[in-house]
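A.B. asks: Any chance you can model this:
(2 chains)
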Amino acid sequence: MNTMMGTLGEFFAMGGYALYVWTSFGLSFLLIGGVATFAGLELSRTRRQTFARALARDGDKERSAAPVWGAS
Amino acid sequence: MFTWFHRFGSAPFVYRLCDVLAPWLAAAAALCLLAGLWLGLVVAPADYEQGESYRIIYVHVPSAWLSMFAYVVMAGASAVFLIWRLKVADTVAAAVAPIGAAFTAAALVTGSFWGKPMWGTWWVWDARLTSELLLLFLYFGYMALRNAFDTPSAAARAAGILAVVGVVNIPIIHFSVEWWNTLHQPASITKLDTPSMHISMLRPLLLMTLGFQLFFFHHMTVRVRNGLLRREARSRWVLELARDRRDGSSRPGLSGRSARAGTALGTTTGTTTGAGTVDREVHRA
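C.D. replies: Numbers count the residues shown, from 1 in each chain, chains lettered A, B, ... in the order given. Modelled structure (predicted):
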């Protein structure tokens, strides 16, 4: 247990460069992951809205056009 | 002969292609990144000169590489858009700009955090660093220019020209470490036959780079789908997708419309020809 904690501690210490190594990885993850997360949320929102509007428009059109279509 | 090429100008085809590719790209990227992180942070030995600090390379080099790769994609797509007036190409160019900027910012930040312990300074007006900073401003300029116009087509053309002209910066970034010998070290992955890194250090770097690359392509599929849906919100194929989704039918493949959408088309021909013409006009650019 002690040795495992020791190795883990050593791992996180990064030979004294912990601040630089982990900040680099952390900030990159935040920057790139942030843009990616935003894009993912944006796509699901766009999908929901666009599809809902398309179906609504389609419904309106079918309702208003149906009698005319039936008569001709 | 060029029909396969023309399909890439078709928004519904590109949308479906993205839909099909996305989960595979995501899974492959996650695998590469996890393996790369494990091998790079845990398995690979410390550097004899730089100690553990060199591990920043595993996020710095992939970010820097993708910052340039994304720009070349953006400039190439912009050129296709400007020359052939292919609107899908403009959607692709607009889609990669934000993630390109994120990669560039990550490369600059990680470079800074690597430079502090190794060079003793956060920043130096070295050719490599300066040209990479210029790349960040090019991305910002591109995105700002897109938003500066009221008409989308004018915005696309102006931003496209900026992207194409700005591509001169890419060889400058790449060769800066050879042309001006300053603080930044030369390229890490140049000669794969006689690599300048030990294989135990090189393998995670290649895995991380591949992971970033796959992640980038996955991100592209997300942003391109978003852009296509927005641009063609009123077109026929978006309505068909919406119907497919509402009716819970299985995902339409690359071959085109699902049988369900086909029958819907048959029953409502008279009422939807208007949307059909819009659809065709949009695709022709």
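
A.B. asks: shaky segments in chain B?
C.D. replies: Residues of chain B meeting the criterion pLDDT under 70: B:1-5, B:189-195, B:249-285.

A.B. asks: Tell me which stretches of it form helices.
C.D. replies: Shown for chain B, the helices assigned by DSSP state H span residues B:3-6, B:11-37, B:57-84, B:87-119, B:127-147, B:152-166, B:169-179, B:199-231, B:236-247, B:259-267, B:269-284.

A.B. asks: So for residue A:27, which of the ones you listed sits nearest?
C.D. replies: Comparing the helices of chain B by their distance to residue A:27 (C-beta to C-beta), the top pick is helix B:87-119, with 5.1 Å. To be clear about C-beta, it is placed using only N, CA and C from the backbone, and glycine gets the same treatment.

A.B. asks: which helices and strands does that closest one pack with?
C.D. replies: For helix B:87-119, the helices and strands in contact under the criterion 3 or more C-beta pairs under 8 Å, 6 or more residues apart in numbering or on different chains; DSSP states H and E are helix A:18-71, helix B:11-37, helix B:57-84, helix B:127-147, helix B:152-166, helix B:199-231.

A.B. asks: what about those helices, which gets the closest to residue B:183?
C.D. replies: Distances from residue B:183 to each of those were compared using C-beta to C-beta; the minimum, 8.3 Å, belongs to helix B:127-147.

A.B. asks: same for that closest one, what does it pack against?
C.D. replies: Secondary structure elements in contact with helix B:127-147, counted by 3+ C-beta pairs under 8 Å, 6+ apart, are helix B:57-84, helix B:87-119, helix B:152-166, helix B:169-179.

A.B. asks: what does chain A put close to chain B?
C.D. replies: Near chain B, the residues belonging to chain A are A:11, A:14-17, A:20-21, A:23-25, A:27-28, A:31-32, A:34-36, A:39-40, A:42-43, A:46-47, A:50-55, A:57-58, A:61-62, A:65-66, A:69, A:72 when assessed by C-beta under 8 Å from any C-beta of the partner chain.

A.B. asks: Weed out the non-buried ones from those residues.
C.D. replies: Among those, those that count as buried by neighbour count (16 or more other C-beta atoms under 10 Å in any protein chain shown) are A:14, A:17, A:20-21, A:23-25, A:27-28, A:31-32, A:35-36, A:39, A:43, A:46-47, A:50-51, A:54, A:58, A:61.

A.B. asks: Confidence-wise, which helix or strand of chain A is lowest on average?
C.D. replies: Least confident helix or strand, chain A: helix A:2-13 with a mean of 76, by mean pLDDT, DSSP states H and E.

A.B. asks: related to what we said a few turns ago, just put the helices and strands packed on helix B:87-119 in a markdown table and tack on distance to residue B:49.
C.D. replies: Formatted as a markdown table, the entries for the helices and strands packed on helix B:87-119 read as follows, by distance: least, C-beta to C-beta, whole Å:
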| stretch | distance to residue B:49 |
| --- | --- |
| helix A:18-71 | 15 |
| helix B:11-37 | 22 |
| helix B:57-84 | 13 |
| helix B:127-147 | 19 |
| helix B:152-166 | 36 |
| helix B:199-231 | 12 |
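
A.B. asks: looking at the ones you listed, which is closest to residue B:182?
C.D. replies: helix B:127-147 (6.3 Å).

A.B. asks: Please enumerate residues in contact with the closest one?
C.D. replies: Where contact means C-beta atoms under 8 Å, 6 or more residues apart in numbering or on different chains, the residues beyond helix B:127-147 that reach it are B:64, B:67-68, B:71, B:74, B:94, B:97-98, B:100-101, B:104-105, B:107-108, B:111, B:123, B:155-156, B:158-159, B:162-163, B:166, B:169-170, B:172-173, B:176-177, B:179-180, B:182, B:184.

A.B. asks: so where's chain A uncertain?
C.D. replies: Looking at chain A by pLDDT under 70, you get A:1-5, A:65-72.

A.B. asks: can you do 80?
C.D. replies: A:1-6, A:61-72 (pLDDT under 80).

A.B. asks: how many neighbours does residue A:12 have?
C.D. replies: Taking other C-beta atoms under 10 Å in any protein chain shown as the criterion, the count of residues near residue A:12 is 10.

A.B. asks: From chain B, how far out is it?
C.D. replies: For residue A:12, the distance to chain B under the criterion C-beta to the nearest C-beta, to the nearest Å works out to 10 Å.

A.B. asks: Let me know whether residue B:36 touches residue B:211 as I believe.
C.D. replies: Yes - here residue B:36 lies in contact with residue B:211, judged by C-beta atoms under 8 Å, at a distance of 5.4 Å.

A.B. asks: Mutual contacts of these two, please.
C.D. replies: Joint contacts of residue B:36 and residue B:211 (C-beta under 8 Å, 6+ apart) do not exist.

A.B. asks: Minimum distance to residue B:240: which of the helices and strands packed on helix B:87-119 has it?
C.D. replies: Distances from residue B:240 to each of those were compared using C-beta to C-beta; the minimum, 8.1 Å, belongs to helix B:11-37.

A.B. asks: just the angle between that closest one and helix B:199-231, please?
C.D. replies: Comparing the axes of helix B:11-37 and helix B:199-231 via axes from the mean of the first three to the mean of the last three C-alpha atoms, to 10 degrees yields an angle of 150 degrees.

A.B. asks: List the buried residues for helix B:11-37?
C.D. replies: Judged by neighbour count using 16+ other C-beta under 10 Å, the buried positions of helix B:11-37 are B:11-19, B:22, B:25-26, B:28-29, B:32-33, B:35-37.
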